[in-house]
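1. predicted coordinates and the sequence they were generated for:
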Amino acid sequence: MRLVNFHGGAQAGFGVERGGFVYPLSAEGCATEMEFFADVERGLAAARAVLSNGGAQKLALADVELLAPVTRPGKILCIGLNYRDHAIESGMEIPKVPTVFLKLPHAVIGPGAEVVLPTLSQQPDYEAELAAVIGKHARNVRAEDWEQYVLGYTILNDVSARDVQLATSQWVLGKSFDTFCPLGPAIVTTDELRNPHALDIQLAIDGETLQHSNTRELIFKLPELIAYLSAIIPLEPGDIISTGTPAGVGLGRTPKRWLRPGEEMTVTIEGIGALKNRTVAARA
């Protein structure tokens, strides 16, 4: 299934997308993202019921605005340097354990929303990433059991202000400017996307491909990441684990290539779709 947050006409809420339509879950008593993640099993049952009933309240996908599928995740746990080629282009050592940092939830925006380039940074950058959405409370998970804790997968663009990020050893501020976490367009559930470790991933700006790889190149894959993180941090439904970006970021290019106002970033991941966001200058 493809789970979406949407706004259109007189309706807004959580739903399931299929065949060019959005089927609101409100018909089955699960109207909002908050209600869905409060009881994921009930939410999935509602989605199945809406699809099987034909969705009397279905909306044309073209008539709705898609929001981030999780608008305020409790945690956004990001994995740095998780593609060997990206670690090399960044001048960093290949990590022996996962390099974990946070993006703060206020930075989340949805498909089509504008990424505001802050006046405080002269080095805004892009990062195409596969993100896993947690669907079940997780603590001390064994690596072999990882999949039962994942609801599904989405796309995250880890927009980064490199000069702020690299000014200290702590990356969170450079990763957490307002609008620096485009997320979407949907959560594709694990029953539909069965292998997240063999997906084509790419990012283009105004049609020019700047990143292109495959998730099989991840150094630490989701079994290791979920086991490692859940041994330290309790994972909750709606939490995001963003698995890292491949080579091709602006920081690693010669000359370096920073984001400029008026550019359209498109992150495409096989089996999920495309996440598009345009950059704008901050207002004076």
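-> Perfect, I can see it now.

2. need the contact list for H137.
-> Taking CB atoms under 8 Å, 6 or more residues apart in numbering as the contact definition, H137 lies against 234-237. C-betas here are computed from N, CA, C, even on glycine.

3. ok, so of these, who is nearest S52?
-> Comparing the contacts of H137 against S52 with CB to CB picks out P237 as the nearest, at 23.5 Å.

4. measure how buried that closest one is and give me the count.
-> For P237, the count of nearby residues is 22 (other CB atoms under 10 Å).

5. likewise for E89?
-> Residues lying near E89 (other CB under 10 Å) number 17.

6. isn't it up against P246?
-> No: taking contact to mean CB atoms under 8 Å, the distance of 9.4 Å between E89 and P246 leaves them out of contact.

7. of the contacts of H137, buried ones?
-> In these, burial by neighbour count holds for 235-237, counting by 16 or more other CB atoms under 10 Å.

8. redo these as JSON lines? Include pLDDT and secondary structure.
-> Converted to JSON lines, those look like this (pLDDT from 0 to 100; DSSP: H, G, I helix; E, B strand; the rest coil):
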{"residue": "L235", "pLDDT": "99", "secondary structure": "strand"}
{"residue": "E236", "pLDDT": "99", "secondary structure": "coil"}
{"residue": "P237", "pLDDT": "99", "secondary structure": "coil"}
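
9. just for the chain, where's the confidence low?
-> 55-56 (pLDDT under 70).

10. what about the helices in it?
-> Listed in chain order, the helices of the chain (DSSP state H) span 33-38, 40-52, 84-89, 162-165, 172-175, 222-230.

11. to N214, which of these lies closest?
-> Between N214 and the helices of the chain, the tightest spacing by CB to CB is seen for helix 84-89, at 11.4 Å.

12. buried residues, the closest one. List them.
-> Burial within helix 84-89, assessed by neighbour count using 16+ other CB under 10 Å, is assigned to 86-87, 89.
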